[in-house]
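Chemist: what shape does this take:
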Amino acid sequence: MITVYDIKTDLPPEQFIDVLLRSGLAPRRPVDQPKRIAAMLANANLLVTARDIEGQLIGVARCLTDYAYVCYCSDLAVDRRWQGQGIGRELIRRSREAAGDGATFLLLSAPGVEDYYQKSGFEKFEMCYGIRRTQ
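Modeler: Okay, here's the model as predicted:
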């Protein structure tokens, strides 16, 4: 199967919601709040997409980066039908390449897929802290 990758400056919220639903990430994302999804996309400064030969979005890496020191991948979603074909790894590779060699690449793992990230070259960092959102 042919997969077309691209770095985008915008992505329609409907397409993003659709791939979140098809990937299994939807339960952990506000897919029922299109305005919030639109804001998430508008404020991400690195979007790497994967599309099938017909142009359907099958994967996306949504990142926030300064292109110098850190890149946070806030969403890595691949349509379940396309998982296991290296699309997620390629989205990560292209995102890292775009962010630059000087940027540490970070993400929060979805439950149950920690092994995937370790097999994809991620190191588990023990010292992370956060303040949870209130809505």
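
Chemist: please enumerate the helices of the chain.
Modeler: Using DSSP state H, the helices of the chain run over 13-23, 34-42, 87-99, 114-119.

Chemist: can you redo the ones you listed as a markdown table with mean pLDDT and mean neighbour count?
Modeler: (Glycine included, C-beta is placed from N, CA and C.) A markdown table is the format used below for those (pLDDT from 0 to 100; neighbours: other C-beta atoms under 10 Å):
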| stretch | mean pLDDT | mean neighbour count |
| --- | --- | --- |
| helix 13-23 | 97 | 19 |
| helix 34-42 | 97 | 15 |
| helix 87-99 | 96 | 19 |
| helix 114-119 | 83 | 13 |
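
Chemist: dump those helices to TSV, plus distance to residue 67.
Modeler: Output for those, formatted as TSV (distance: least, C-beta to C-beta, whole Å):
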stretch	distance to residue 67
helix 13-23	22
helix 34-42	18
helix 87-99	6
helix 114-119	22
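
Chemist: and residue 40, what does it touch?
Modeler: With contact taken as C-beta atoms under 8 Å, 6 or more residues apart in numbering, residue 40 is in contact with 62, 74.

Chemist: distance of it from residue 13?
Modeler: 8 Å (C-beta to C-beta, to the nearest Å).

Chemist: quick one on the thing from earlier: among the helices of the chain, which comes closest to residue 61?
Modeler: Nearest to residue 61, of all these, is helix 87-99, at 4.1 Å by C-beta to C-beta.

Chemist: stretch 4-23: how far from the chain's middle?
Modeler: Averaging C-alpha positions (C-alpha atoms, centre = their mean, to the nearest Å) puts stretch 4-23 9 Å from its chain's average.

Chemist: ignore the last one, stretch 25-40
Modeler: Worked out by C-alpha atoms, centre = their mean, stretch 25-40 lies 13 Å from the chain centre.

Chemist: export that stretch to PDB, keeping only CA atoms.
Modeler: Provided in PDB are the C-alpha atoms of stretch 25-40 (Å, rounded to 0.1, in the frame of the first residue of the first chain):
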ATOM      1  CA  LEU A  25      -7.700   7.600  20.700                       C
ATOM      2  CA  ALA A  26     -11.200   9.200  20.700                       C
ATOM      3  CA  PRO A  27     -12.000   8.200  24.300                       C
ATOM      4  CA  ARG A  28      -9.100  10.300  25.500                       C
ATOM      5  CA  ARG A  29      -9.700  13.300  23.200                       C
ATOM      6  CA  PRO A  30     -12.600  15.900  23.100                       C
ATOM      7  CA  VAL A  31     -14.000  14.600  19.800                       C
ATOM      8  CA  ASP A  32     -17.400  15.800  20.900                       C
ATOM      9  CA  GLN A  33     -16.100  19.400  21.100                       C
ATOM     10  CA  PRO A  34     -15.300  20.500  17.500                       C
ATOM     11  CA  LYS A  35     -14.400  24.000  18.600                       C
ATOM     12  CA  ARG A  36     -11.800  22.700  21.100                       C
ATOM     13  CA  ILE A  37     -10.400  20.300  18.400                       C
ATOM     14  CA  ALA A  38     -10.100  23.300  16.000                       C
ATOM     15  CA  ALA A  39      -8.200  25.200  18.600                       C
ATOM     16  CA  MET A  40      -5.900  22.200  19.300                       C
END
